[in-house]
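> sequence? don't have it. structure:
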């Protein structure tokens with residue numbers, strides 16, 4: 001019986017580079033062993049064939065938004081319905097998981113807490129050829145990561161691991177657009193679960209790609225669907241990142257509280273009213289106290305222009 005069920009909604013397999021990336025990722029998940037099962041969700045071109053080739057469960061029924069993008073809420077519903085494992089993991093189909101410590105890390109966290117959210121930084125790496133899953137393949141891949149990879153910043157989250165009953169209802173977010181992963185971290189913190197940064201214990205590798213599959217070829221936080229995700233998330237004050245994890249897993253998969261720092265203290269003070277009361281006016285006040293220039297830029301763009309306060313038009317960014 002599997003312990004963990006990973007689920008994902010792949011892109012169409014029609015583009016050769018995307019086909020290669022997705023097959024690399026799925027094969028790496030298979031290498032995790034019999035304690036991990038995999039659900040492939042959706043009706044994208046080539047998905048049924050890929051699931052059959054890999055001997056995996058294929059679940060075509062997914063609810064979509066008016067633009068045809070699969071909904072995260074439907075993915076969660078289907079995963080709960082079809083999963084054999086007591087732990088679920090939603091993961092992007094461009095992410096390679098390395099076998100070392102993965103199942104052991106999840107077991108150790110399960111022993112500590114009935115509810116939790118596991119996540120971590122990814123390593124970005126350019127891959128142009130299919131991986132060969134020979135003996136020692138993960139060591140060879142890590143050598144490539146050390147030579148040419150880069151650790152992604154805190155605004156990107158590509159996987160979440162959690163108990164099957166952790167999210168009773170998920171908002172109707174569009175997959176592959178910004179905001180939904182940030183809300184997931186916010187929700188877990190609000191529920192007072194341990195939100196655990198597993199970067200040191202679990203290595204995940206993001207295979208670099210462009211965004212030609214999105215409208216206009218623009219990055220995923222540009223389309224209007226990301227604006228709708230932001231609305232469903234409850235606004236920018238609910239945009240949490242990996243930096244808001246309050247625990248971490250070390251290389252031996254032991255759990256520790258995040259180390260204290262001045263930056264962490266400021267952030268915890270800023271989000272305290274959001275997590276405790278979650279009142280829009282109070283949330284904005286807390287944000288203003290810690291980020292006055294950014295607050296003016298967000299809320300009063302004309303005033304910001306008069307005052308010469310420059311910066312990004314929108315600080316919303318999430319995983320791809």
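Noted; the coordinates are in hand. Quantities reported herein were computed from a predicted structural model and do not represent experimental measurements.

> surely residue 35 and residue 4 touch.
Yes - between residue 35 and residue 4 there is a contact under Cβ atoms under 8 Å: 6.4 Å. For glycine as for every other residue, the C-beta is placed from the backbone atoms N, C-alpha and C.

> who's more crowded, those two?
residue 4 (24 against 15; other Cβ atoms under 10 Å).

> that older thread, mutual contacts of residue 35 and residue 4, please.
Taking Cβ atoms under 8 Å, 6 or more residues apart in numbering as the criterion, residue 35 and residue 4 both touch residue 103.

> can you name the residues in contact with stretch 70-78?
7, 9, 39, 41-42, 59, 61-65, 90, 167, 169-175, 180.

> which of the residues you listed count as buried?
Using 16 or more other Cβ atoms under 10 Å as the burial test, those include 7, 9, 39, 41-42, 59, 62, 65, 90, 167, 170-171, 173-175, 180 as buried.

> now intersect those with the helices, please.
residue 180 (DSSP state H).

> so which of the buried ones among the contacts of stretch 70-78 sit within strands?
Using DSSP state E, the members of the buried ones among the contacts of stretch 70-78 that fall within strands are 7, 39, 41, 59, 90.

> okay, the residues you listed in TSV with distance to residue 163 and pLDDT next?
Listed next are those as TSV, based on distance: Cβ to Cβ, whole Å; pLDDT from 0 to 100:
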residue	distance to residue 163	pLDDT
7	14	98
39	16	98
41	20	98
59	20	97
90	13	98
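
> report the two of those residues separated the most.
Greatest spacing in those, by Cβ to Cβ: 59 and 90 (13.6 Å).

> closest to residue 143 among the buried ones among the contacts of stretch 70-78?
residue 90 (28.9 Å).

> what sits against that closest one?
6-8, 72, 75-76, 79, 159-160.

> which residues of the stretch 51-200 of the chain score low on pLDDT?
Confidence mapping of the stretch 51-200 of the chain against pLDDT under 70 gives zero matching residues.

> give the buried residues for stretch 78-95.
78-80, 83, 85, 87-95.

> ah, wrong one, I meant stretch 271-285
Burial within stretch 271-285, assessed by neighbour count using 16+ other Cβ under 10 Å, is assigned to 271, 273-275, 283-284.

> before we move on, what about stretch 12-29?
Buried residues in stretch 12-29 (16+ other Cβ under 10 Å): 13, 15, 18-29.

> who's in contact with it?
Taking Cβ under 8 Å, 6+ apart as the rule, stretch 12-29 contacts 6, 10-11, 36, 38, 40, 44-47, 49-50, 54, 56, 91-98, 127, 129-131, 133, 207, 209, 212-213.

> hmm, 6 Å instead?
6, 10-11, 38, 44-46, 50, 54, 93-97, 130-131, 133, 207 (Cβ atoms under 6 Å, 6 or more residues apart in numbering).

> check stretch 141-156 too.
The contact list for stretch 141-156 (Cβ under 6 Å, 6+ apart) reads 121-125, 241-243, 317, 319.

> and the strands in this protein?
Using DSSP E, strands in the chain cover 4-8, 36-41, 57-59, 87-91, 95-97, 117-119, 123-125, 150-151, 159-163, 195-197, 204-207, 247-249, 255-257.

> for the residue lying closest to residue 175 once chain neighbours are set aside, give its distance to residue 9.
Sequence neighbours aside, residue 70 is the residue nearest to residue 175 in space, at 4.9 Å (criterion: Cβ to Cβ, 6 or more residues apart in numbering). Distance, residue 70 to residue 9, using Cβ to Cβ, to the nearest Å: 5 Å.

> need the residues touching each of these two.
42, 175.

> returning to that earlier point: now list the buried members of the contacts of stretch 12-29.
Counted by 16+ other Cβ under 10 Å, these give 6, 10-11, 38, 44, 46, 50, 54, 93-97, 131, 207 as buried.

> wait, which of those residues is closest to residue 253?
Once Cβ to Cβ is applied, the member of the buried ones among the contacts of stretch 12-29 that ends up nearest residue 253 is residue 97, at 14.7 Å.

> ok, back up a step: got TSV for the strands of the chain, with distance to residue 138 too?
Listed next are these as TSV, based on distance: least, Cβ to Cβ, whole Å:
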stretch	distance to residue 138
strand 4-8	17
strand 36-41	15
strand 57-59	25
strand 87-91	17
strand 95-97	9
strand 117-119	19
strand 123-125	13
strand 150-151	18
strand 159-163	17
strand 195-197	21
strand 204-207	10
strand 247-249	18
strand 255-257	24
